[in-house]
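K.L.:
A predicted structure for the sequence below; I have some questions about it.
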4 protein chains.
Amino acid sequence: MARKPGVTVAGVRRRAQILHKAEELIARGAFQDMTMESIADALDVSKSGLYHYFKQKDDLLFAIRLETLTGLITHQRERMNSGRPYVDLVREMLYDGIKLVSDSPAKYRAIFELKMKSIAEREEEIQALERDYFHMMAATVQGAIDEGSIRPTDPRLVTQAILSMINHAQYWFKPSGRLSHRALADAYWEMLFIGVASEEWRTVPTATPIPRAANVEFINTEHSPPS
Amino acid sequence: MARKPGVTVAGVRRRAQILHKAEELIARGAFQDMTMESIADALDVSKSGLYHYFKQKDDLLFAIRLETLTGLITHQRERMNSGRPYVDLVREMLYDGIKLVSDSPAKYRAIFELKMKSIAEREEEIQALERDYFHMMAATVQGAIDEGSIRPTDPRLVTQAILSMINHAQYWFKPSGRLSHRALADAYWEMLFIGVASEEWRTVPTATPIPRAANVEFINTEHSPPS
Amino acid sequence: MARKPGVTVAGVRRRAQILHKAEELIARGAFQDMTMESIADALDVSKSGLYHYFKQKDDLLFAIRLETLTGLITHQRERMNSGRPYVDLVREMLYDGIKLVSDSPAKYRAIFELKMKSIAEREEEIQALERDYFHMMAATVQGAIDEGSIRPTDPRLVTQAILSMINHAQYWFKPSGRLSHRALADAYWEMLFIGVASEEWRTVPTATPIPRAANVEFINTEHSPPS
Amino acid sequence: MARKPGVTVAGVRRRAQILHKAEELIARGAFQDMTMESIADALDVSKSGLYHYFKQKDDLLFAIRLETLTGLITHQRERMNSGRPYVDLVREMLYDGIKLVSDSPAKYRAIFELKMKSIAEREEEIQALERDYFHMMAATVQGAIDEGSIRPTDPRLVTQAILSMINHAQYWFKPSGRLSHRALADAYWEMLFIGVASEEWRTVPTATPIPRAANVEFINTEHSPPS
DNA sequence: AATGAATGAGTCTTCATTCAT
DNA sequence: CATGAATGAAGACTCATTCAT
């Protein structure tokens, strides 16, 4: 290949700049606002300059997802090796997620929305990472179950619940508002951990009895329950 | 100038058809796939035919959101007047939401994603509806708090948590999978209502302080979170 | 399909205009000079207007080839049904070809060059037509052999020789020059028919004996010798 | 400024390599596939590396044509000095041409197609060579006429006929087929030399007048040939 | 009420070419 | 010598929208 971008120091920086600017543009507004031209303009680079680093627009989107996920995974792996109690880790997962959405909403949108509009070709690579990430989270929850801090439940559903809260935050949470991201994470954690029921009602089954929902199975996903 | 659309019976039906097909196109795929042409093709109508019913594409999007929200609000209003215990109502809100996402994923996407890409003109009208809907939900939660079934918490955050679960479900829940939407709603409710903590740990809720989480950093980006 | 170009009278004419202008642009210069823009400009139509009639540039090229071949085939079919002696028909084939190249060089270039740069999808359709055309020509030659006017030779090679002369003419023949296309066709025909050898040399084998080349076989083509 | 290219031995070899690779790319596919990038990729050189040897793309194309023509001319000159009978030389011209097309189709395409898309600057130089080559061929034919082996005809038309056969071969001849290039050349020579007419018909060459051919008309085009 | 024709303003992508190192 | 970085100009294609009929 005669095309080897990112060899020079300046080149590496440029690539990162582009990536970052693209995220920024996604963050403030719709995906459709992230055009190759808008990125180029914002960086004061020519449009064709971008194509030196990313052969297609999709490659750019791909790179964003890849980096985000890689970062998330790396961080999660470190966390899991920290030796702290699993509950803490689970709680921290929630906290970090909320913080990430608060700091750079584009990252999470990149993961969840981008997946609905990209080429199938290298999609698998990303999906593998997504699965990895999901499994790591679920494994952490399982750890908490094993250590006895979380009662036996399907760890994957707990994970989905946490992801829900994080992902949805982007649609309403304003870092500038009265609620800090820290406070939000704490509130969500409390809800999830001890529930919202009043003491008396916790034991009283609601009208429709709640069936034991643990160990339900997914289809169409290859999630294998962690151990 | 032709007559105003929606005067004839056939015209009204046509309009509804268009609306429905547009939703369908959103449901399966990205928003970018919902072009005036693709809708026209799918309906076997000429492109200009669509412009009889919707003067602009934004009007179509607007109509979708309007219809969805109105439907949700009406339903919620009826629910609140049913005289049943508030806990049940809250739980049902969650259930209905999951069901809706399961049946027609586009509905919730219409509400949450569409808001990020439409023209501001009649945006206020929609926002008022969104607020209405949100307040009705929050009021229901408040009702449960008042009746003593839910312990005193910020009802808006509980509402957001419920919306989170519902909205996020569209990204992973497959109605064809082995987990029914009912089972999912039940599992989520259990988590939310009695929490995931084991009995012993419930009592030391915030005992373990959350340590300062190391910043989630990403490779090759120079993004430094605001303070 | 909501897209039905060529329904109106004006539409049909437009389509033909576009096709014709495209050919013209190919004729005077390289293929690369036939851009969608140049066609649009030349016709005083907007670029997107062209796309109403041809969804892709390739469709335009395809249409040109299709029409050219169809015209050629129709004409050839009529000729073959005219009841005249086959020699005349063969000679006329050569004459018509030279005339066509003289009148509109683009047509033949369309057939022979375009085939090297088009999508494979509908390529078969064209190839079938090309085969048809070739077979009709070869069959005419065979007719002449059967009627005794042409000596037994491989009719396909004779056909290729005729096509050669026609096709190559585009590279050097100028209708405005001193040689009329009629004269050229006559000269070529004489060469091909009675050969260029002087009387004495016709019977003298040249240094290397000329082997009987009749009935050689092709590979990679599905030409079946016309009975 | 760097040294002039082609000073080092390695440099000369590099230049030849590039030239050769470019031809190869022309040979298999369209001209449009021969981009500076594709050549660079194929040679595992950087794009800017090419610009060391050829200041412009046109220089490359020019070089290809130059080399090809020079080769042909040199060969032809040697042939003409060989002292053999002119008929043999003419026949050999045809044979060599067919062989060349068979071995490297790009060569003839370079001559005939390239001329239609290059910048005019040094075009004259090439054209002079083309004329030289053509004249040498025509002179050889004239020699045969003078020696009495070929009957008096316009030697230029005979030359064109030969070139036709050679050039057109690239569009259909497959070296891998069952017809060898030798056999093809022989068959063509036979046709050209003694003609395809049967003995009886030879004597009434233009007896049958060519009837006014009906104009070859094409559907949907308004192309009317200039009288 | 409905359609085909037509358009302008993008949006992605390619490519020959230059330049600093 | 050689390369990565960068660019301008152009080209294919899309899409919301308007208009005459």
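P.N.:
On my side now, so go ahead.
K.L.:
When you work out contacts or count neighbours from here on, use the C-alpha atoms and nothing else.
P.N.:
Fine.
K.L.:
so where's chain A shaky on pLDDT?
P.N.:
Per-residue confidence for chain A (pLDDT under 70) gives these ranges: A:1-3, A:113-121, A:204-227.
K.L.:
Report the central residue of it.
P.N.:
When Cα atoms, centre = their mean is applied to chain A, the residue found nearest the centroid is residue A:108 (4.9 Å).
K.L.:
Surely that one and residue A:167 touch.
P.N.:
Yes. Using Cα atoms under 8 Å, residue A:108 is in contact with residue A:167, at 6.5 Å.
K.L.:
Now do the domain split for chain A, please.
P.N.:
What the record gives for chain A is the domain set A:1-55, A:58-227, from automatic domain parsing.
K.L.:
Let's have those in TSV, adding distance to residue B:48.
P.N.:
Below are the domains of chain A laid out as TSV (distance: least, Cα to Cα, whole Å):
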stretch	distance to residue B:48
domain A:1-55	24
domain A:58-227	27
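K.L.:
any chance of these in JSON lines, with distance to DNA strand E too?
P.N.:
Formatted as JSON lines, those follow (distance: least, Cα to the nearest atom of the strand, whole Å):
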{"stretch": "domain A:1-55", "distance to DNA strand E": "4"}
{"stretch": "domain A:58-227", "distance to DNA strand E": "6"}
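K.L.:
Go through these and name the closest to chain D.
P.N.:
domain A:1-55 (4.6 Å; Cα to the nearest Cα).
K.L.:
picking that back up, what sits in contact with each of residue A:108 and residue A:167?
P.N.:
residue A:101 (Cα atoms under 8 Å, 6 or more residues apart in numbering or on different chains).
K.L.:
so what's residue A:102 up against?
P.N.:
Going by Cα under 8 Å, 6+ apart, residue A:102 touches A:170, A:173, A:174, A:175, A:181.
K.L.:
how far away is the nearest residue to the third one once chain neighbours are set aside from DNA strand F?
P.N.:
Residue nearest to residue A:174 in three dimensions, not counting chain neighbours: residue A:102, with 7.3 Å by Cα to Cα, 6 or more residues apart in numbering or on different chains. According to Cα to the nearest atom of the strand, to the nearest Å, residue A:102 stands 31 Å off from DNA strand F.
K.L.:
go on, residue A:25?
P.N.:
Residue A:25 is 19 Å from DNA strand F, by Cα to the nearest atom of the strand.
K.L.:
list the helices and strands the helix or strand containing that residue packs on?
P.N.:
If you go by DSSP states H and E, residue A:25 is part of helix A:9-27. If you count contacts as 3 or more Cα pairs under 8 Å, 6 or more residues apart in numbering or on different chains; DSSP states H and E, helix A:9-27 packs onto helix A:36-43, helix A:57-80, helix A:105-112.
K.L.:
among these, which is the most enclosed?
P.N.:
Mean neighbours per residue, mean count of other Cα atoms under 10 Å in any protein chain shown, is largest over the helices and strands packed on helix A:9-27 for helix A:105-112, with a mean of 22.
K.L.:
how big is the angle separating the helix or strand following that helix from helix A:57-80?
P.N.:
Remark: after helix A:105-112, the chain's next helix or strand is helix A:123-147, criterion DSSP H and E. Counting by axes from the mean of the first three to the mean of the last three Cα atoms, to 10 degrees, helix A:123-147 points 20 degrees away from the direction of helix A:57-80.
K.L.:
Show me what helix A:123-147 is packed up against.
P.N.:
Using 3+ Cα pairs under 8 Å, 6+ apart, helix A:123-147 is in contact with helix A:57-80, helix A:86-103, helix A:155-172.
K.L.:
Of all those, which one is nearest residue B:77?
P.N.:
Smallest distance to residue B:77 across the helices and strands packed on helix A:123-147 (Cα to Cα): 23.1 Å, for helix A:155-172.
K.L.:
so the closest one versus helix A:9-27, what angle?
P.N.:
With the same axes, to 10 degrees defining the directions, helix A:155-172 sits at 80 degrees from helix A:9-27.
K.L.:
So for helix A:155-172, what gets flagged as buried?
P.N.:
A:155-171 (16 or more other Cα atoms under 10 Å in any protein chain shown).
K.L.:
does it come close to chain B?
P.N.:
Yes. Contact between helix A:155-172 and chain B, assessed by Cα under 8 Å from any Cα of the partner chain, occurs at A:157, A:158, A:161, A:163, A:164, A:165, A:167, A:168, A:169, A:171.
K.L.:
what about the helices and strands packed on helix A:9-27, which gets the closest to residue B:89?
P.N.:
So among the helices and strands packed on helix A:9-27, helix A:105-112 is nearest, using Cα to Cα, at 29.9 Å.
K.L.:
okay, the angle between that closest one and helix A:9-27?
P.N.:
Using the same axes, to 10 degrees: helix A:105-112 against helix A:9-27 is 80 degrees.
K.L.:
Other residues contacting helix A:105-112?
P.N.:
A:23-24, A:26-28, A:61, A:64-65, A:68-69, A:100-101, A:167, A:170, B:171.
K.L.:
That one relative to helix A:86-103, how many degrees between them?
P.N.:
110 degrees.
K.L.:
follow-up on the earlier one: of the residues of helix A:155-172 next to chain B, which ones also sit close to chain D?
P.N.:
Of those, not one also sits near chain D (Cα under 8 Å from any Cα).
K.L.:
thinking again about what came up before, ok, the residue nearest to the centre of chain A to residue B:152 distance?
P.N.:
According to Cα to Cα, to the nearest Å, residue A:108 and residue B:152 sit 31 Å apart.
K.L.:
Likewise for residue A:191?
P.N.:
11 Å.
K.L.:
Repeat that for residue A:55.
P.N.:
55 Å.
K.L.:
do you know how far the closest residue to residue A:50 other than its chain neighbours is from residue A:128?
P.N.:
Spatial nearest neighbour of residue A:50, chain neighbours left out: residue A:40 (6.9 Å); criterion: Cα to Cα, 6+ apart. Residue A:40 sits 31 Å away from residue A:128, going by Cα to Cα.
K.L.:
Dump stretch A:99-107 to PDB, restricted to CA.
P.N.:
Extracted in PDB, the C-alpha atoms of stretch A:99-107 (Å, rounded to 0.1, in the frame of the first residue of the first chain):
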ATOM      1  CA  LYS A  99     -20.200  10.800  33.800                       C
ATOM      2  CA  LEU A 100     -19.300   9.800  30.200                       C
ATOM      3  CA  VAL A 101     -22.700  10.800  28.900                       C
ATOM      4  CA  SER A 102     -22.500  14.000  30.800                       C
ATOM      5  CA  ASP A 103     -19.000  14.800  29.500                       C
ATOM      6  CA  SER A 104     -19.300  13.700  26.000                       C
ATOM      7  CA  PRO A 105     -22.700  12.500  25.000                       C
ATOM      8  CA  ALA A 106     -21.500  11.600  21.500                       C
ATOM      9  CA  LYS A 107     -19.600   8.600  22.800                       C
END
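K.L.:
Now distance to residue C:44 too, for the contacts of residue A:102, in CSV please.
P.N.:
Below are these laid out as CSV (distance: Cα to Cα, whole Å):
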residue, distance to residue C:44
A:170, 49
A:173, 53
A:174, 52
A:175, 54
A:181, 59
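K.L.:
Of these, which pair is most distant in space?
P.N.:
Taking Cα to Cα as the measure, the contacts of residue A:102 span a maximum distance of 11.4 Å, between A:170 and A:181.
K.L.:
give me the number of residues near the residue in chain A that chain B sits nearest to?
P.N.:
For chain A, the residue closest to chain B is residue A:195, as judged by Cα to the nearest Cα, at 3.6 Å. Residue A:195 has 24 neighbours, counted by other Cα atoms under 10 Å in any protein chain shown.
K.L.:
Next, work out how far apart the nearest residue to it once chain neighbours are set aside and residue B:51 are.
P.N.:
The shortest distance from residue A:195 to any non-neighbouring residue, by Cα to Cα, 6+ apart, is to residue B:195 (3.6 Å). With distances taken as Cα to Cα, residue B:195 is found 51 Å from residue B:51.
K.L.:
before we move on, what about residue A:144?
P.N.:
57 Å.
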